[in-house]
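Asks: compute the structure for the input listed below.
(chains A and B)
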Amino acid sequence: MNLTAIAAIYRFEMARTFRTLLQSVVSPVLSTSLYFVVFGAAIGSRIDQVEGVSYGAFIVPGLIMLSVVTQSVTNAAFGIYFPKFIGTIYELLSAPASFLEITAGYVLAAATKSFAIGLIILATAFLFVDITIQHPIWMLAFLVLTCLSFSLLGFIIGIWAQNFEQLQLVPLLIITPLIFLGGSFYSVTMLPPVWQTITLFNPVVYLVSGFRWSFFGLADVAIGWSLLAIVAFTAICIAIIGWIFRTGWRIRS
Amino acid sequence: MAAIVSVSNLSKTYDGGFEALKSVSLEIEEGEILALLGPNGAGKTTLISVICGISTATSGHVAVGGHDVVDAYRDARRLIGLVPQEINLEPFETVMNTVRFSRGLFGKPRNDAHLEEVLRRLSLWDKRDTQIKSLSGGMKRRVLIAKALSHEPRVLFLDEPTAGVDVELRRDMWNTVADLKSHGVTIILTTHYIEEAEAMADRIGIIARGEIRLVREKADLMRELGKKRLVIELNAPTAAVPAALEPYDLARSADGCELTYTYDSRKERTGITRLLTDLSAAGLQLKDIRTEQSSLEDIFVGLVHEDAS
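Replies: You can find the predicted model right below:
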């Protein structure tokens, strides 16, 4: 195991995060604050409570997920796409490091960044609403798993993308709609019955539901299913990345 | 000397069907400098890419330090430093951090003293905290070399190290290579500057159309294939080569003032004495004579031409 290589990639990626601190951290926090103002204050004043929780508090887990998922995907995708774009990937390919080590370096760095953003947003939320977290350990566990699994997905997107447009395409056209329709701002029980069934095919539902459960003890789907879904999702991503490196798809001629 | 890089029957066909390497076999000895000469598209970069793990071979094997580059890639790649042809660098990072990253990536523990030595040797030490994007082209190329040397490779691949580099930097580069050789590093460089191969290499390989055309000791090559020319300057121009001198296959200059005789200097009889006798018999008066040794360039052009015909 070339742990030094993992550490080198991790440090290099984190250095980039710190170079672009404003864009990396300040902008997601700012946009989330705007969501709080718009959804929490403006719309929330017209909605009393959702299942006994004030609407402002109810949307906190969903908002955190929105940022964390988007950030994980875009950070990890950019992290591996950039070396491909500027050509420095030659060094990764010629290094005595396995696919597992290279992936670990990039994914851990992207996940660390989005985890930090998640915590910052949570801290920001405390400024707007009263929240008590019922299962803090589970909350952190869900957050970590989400950061990791979506960073893995982002890593795949970064390898798949052949230009900047494609790099933006998946987050914009797939991830964002899935999150918005995944019960981030509402409870699935608020939907008509047909849509309640359809929405169960959206993986983000399980994520948001589990995460919200760790806050309020409320869940749209059983917590076991949430855990299973996220673990299965992670496993699928790892399998795809393993295949990519074995075959050299889009990285090795 | 033992072979540190051993390439056997290596073939590479790209997805589009282009056959970049055709059953190439090559042994590179430890501590030597091998120059791979070839025109653009000859397969030089593909060969290096397969050895270093950037491309996969269609068939054949490569071993570095006795380790197969596919089955034992970790052991093989640990020995290799690669300086690519293109200037591929992270523009926003500083020189020191980029070099430190390379060392870590190759699994070597942090050693800033070694990195300092490398950067000083390449005159980059003053630029260590500079962002790469603000360096000149020549400086960037040095950073690429510094990255490759950061992890103390035993085999260094330099893919066209002096393409687009000014004369001064080219001299510096040659000195660096000589210095590395004295530290026991094996160096493989590709170039299409023949003078570069001539100045630096111990052995020269010529590659064209995916095939190694020849690999020879530079000195042997120069001697073996080296032809000499005898240039005869005349007192008065001659309108044509006199019939009596036809067997010598002389080349007449446009103004008729010079005749050139090409001969093989290794032969016992070069024919010079008879030529000079016949020249005066034909009534030509000599003003001056000089000889020219053919350069590697002539050999190279000769081989590539032979290939095309």
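Asks: domains of chain B?
Replies: B:3-223, B:227-293 (automatic domain parsing).
Asks: need the winner for burial among those.
Replies: Most buried of the domains of chain B by mean neighbour count (mean count of other C-beta atoms under 10 Å in any protein chain shown) is domain B:3-223; its value is a mean of 19. C-beta coordinates here come from the backbone N, C-alpha and C atoms, glycine included.
Asks: near chain A at all, that one?
Replies: Yes - Domain B:3-223 is in contact with chain A by C-beta under 8 Å from any C-beta of the partner chain, via B:14-15, B:49, B:52-56, B:73-78, B:80, B:82, B:84, B:86, B:88-93, B:97, B:100-109, B:147.
Asks: where do the strands sit along the stretch 51-200 of chain B?
Replies: Taking DSSP state E, counting those that start in this stretch as the test, the strands found in the stretch 51-200 of chain B are B:59-64, B:67-68, B:80-83, B:155-159, B:186-191.
Asks: how about TSV for those, with mean pLDDT added?
Replies: Shown next, in TSV, are the strands of the stretch 51-200 of chain B (pLDDT from 0 to 100):
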stretch	mean pLDDT
strand B:59-64	96
strand B:67-68	96
strand B:80-83	96
strand B:155-159	96
strand B:186-191	93
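Asks: what's the separation between the residue in the stretch 201-309 of chain B positioned nearest to chain A and residue B:51?
Replies: Using C-beta to the nearest C-beta, the single residue of the stretch 201-309 of chain B nearest to chain A is residue B:210, 15.1 Å away. Residue B:210 is 15 Å from residue B:51, where distance means C-beta to C-beta, to the nearest Å.
Asks: now do the same for the residue positioned nearest the centre of chain A: its pLDDT.
Replies: Note on chain A: the residue nearest the mean C-alpha position is residue A:69, at 2.0 Å, using C-alpha atoms, centre = their mean. Residue A:69 carries a pLDDT value of 93.
Asks: how about it: what's its closest non-neighbour residue?
Replies: Leaving aside its sequence neighbours, residue A:69 sits nearest to residue A:150 (C-beta to C-beta, 6 or more residues apart in numbering or on different chains; 4.9 Å).
Asks: next, the buried residues of stretch A:15-33.
Replies: Neighbour counts over stretch A:15-33 (16 or more other C-beta atoms under 10 Å in any protein chain shown) mark A:15-17, A:24-25, A:28, A:32-33 as buried.
Asks: any residues touching that stretch, and which ones?
Replies: Stretch A:15-33 has contacts (C-beta atoms under 8 Å, 6 or more residues apart in numbering or on different chains) with A:63-64, A:66-67, A:70-71, A:75, A:79, A:109, A:113, A:116-117, A:120-121, A:124, A:128, B:92-93, B:97.
Asks: which residues of chain A lie near chain B?
Replies: A:2, A:4-5, A:7-9, A:11-12, A:15-16, A:19, A:82-83, A:86-88, A:90-98, A:248, A:252-253.
Asks: most proximal residue of the stretch 51-200 of chain B with respect to chain A?
Replies: For the stretch 51-200 of chain B, C-beta to the nearest C-beta, closest residue to chain A: residue B:104, 2.6 Å.
Asks: residue ranges of the helices in the chain, please?
Replies: In the absence of a named chain, chain A is used. Remark: helices assigned in chain A by DSSP state H are A:3-19, A:21, A:27-35, A:55-86, A:89-93, A:99-128, A:136-160, A:164-170, A:176-180, A:193-198, A:203-216, A:223-247.
Asks: that's the wrong chain, I wanted chain B
Replies: Going by DSSP H, chain B shows helices at B:44-52, B:73-78, B:95-105, B:112-121, B:137-150, B:167-182, B:194-200, B:218-225, B:272-281, B:296-308.
Asks: mind listing what whichever residue of the stretch 101-250 of chain A sits closest to chain B touches?
Replies: Nearest residue of the stretch 101-250 of chain A to chain B (C-beta to the nearest C-beta) works out as residue A:248 at 6.1 Å. Residues in contact with residue A:248, defined by C-beta under 8 Å, 6+ apart, are residue B:56.
Asks: dihedrals phi and psi, it?
Replies: Residue A:248 adopts backbone torsions of phi 70, psi 20, taken as degrees, to the nearest 10.
Asks: look at it and report its pLDDT.
Replies: pLDDT, residue A:248: 81.
Asks: hang on, the earlier thing: can you add pLDDT and give the buried residues of stretch A:15-33 back as TSV?
Replies: TSV is the format used below for those (pLDDT from 0 to 100):
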residue	pLDDT
A:15	93
A:16	90
A:17	89
A:24	76
A:25	78
A:28	79
A:32	81
A:33	83
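Asks: closest one to residue B:246 out of the residues you listed, please.
Replies: The nearest member of the buried residues of stretch A:15-33 to residue B:246, counting by C-beta to C-beta, is residue A:16 at 74.1 Å.
Asks: how close does that closest one get to residue B:134?
Replies: Relative to residue B:134, residue A:16 is positioned 17 Å away (C-beta to C-beta).
Asks: pretty sure residue B:172 sits against residue B:124.
Replies: No - the pair residue B:172 / residue B:124 is not scored as a contact, 11.3 Å apart, by C-beta atoms under 8 Å.
Asks: any chance of the helices of chain A in a markdown table, plus distance to residue B:243?
Replies: Converted to a markdown table, the helices of chain A look like this (distance: least, C-beta to C-beta, whole Å):
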| stretch | distance to residue B:243 |
| --- | --- |
| helix A:3-19 | 76 |
| helix A:21 | 87 |
| helix A:27-35 | 89 |
| helix A:55-86 | 67 |
| helix A:89-93 | 63 |
| helix A:99-128 | 75 |
| helix A:136-160 | 74 |
| helix A:164-170 | 73 |
| helix A:176-180 | 90 |
| helix A:193-198 | 100 |
| helix A:203-216 | 93 |
| helix A:223-247 | 71 |
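Asks: right, so of these, which gets closest to residue B:129?
Replies: Residue B:129 sits nearest to helix A:3-19 of all those, at 13.1 Å, using C-beta to C-beta.
Asks: remind me which residues of the stretch 201-309 of chain B are low pLDDT?
Replies: For the stretch 201-309 of chain B, residues meeting the criterion pLDDT under 70 lie at B:223-226, B:294-296, B:306-309.
Asks: go again with 50.
Replies: Within the stretch 201-309 of chain B, not a single segment meets pLDDT under 50.
Asks: okay, strands next: where are they in it?
Replies: B:203-208, B:211-217, B:228-234, B:251-252, B:258-263, B:286-293.
Asks: could you dump the ones you listed to CSV with distance to residue B:41?
Replies: Converted to CSV, those look like this (distance: least, C-beta to C-beta, whole Å):
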stretch, distance to residue B:41
strand B:203-208, 9
strand B:211-217, 13
strand B:228-234, 31
strand B:251-252, 32
strand B:258-263, 31
strand B:286-293, 30
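Asks: one step back: nearest approach to residue B:302 belongs to which of the helices of chain A?
Replies: helix A:89-93 (34.2 Å).
Asks: got a list of contacts for that closest one?
Replies: Contacts of helix A:89-93 (C-beta under 8 Å, 6+ apart): A:83, A:102, A:251-252, B:52-54, B:82, B:84, B:88, B:102, B:105, B:147.
Asks: confidence score at residue 101?
Replies: The chain I'm using is chain A. For residue A:101, pLDDT reads 94.
Asks: oops, I was thinking of chain B
Replies: The confidence metric pLDDT takes the value 97 at residue B:101.
Asks: that one and residue A:88, how far apart?
Replies: Separation of residue B:101 from residue A:88 (C-beta to C-beta) stands at 10 Å.
Asks: next: residue A:178.
Replies: For residue A:178, the distance to residue A:88 equals 32 Å [C-beta to C-beta].
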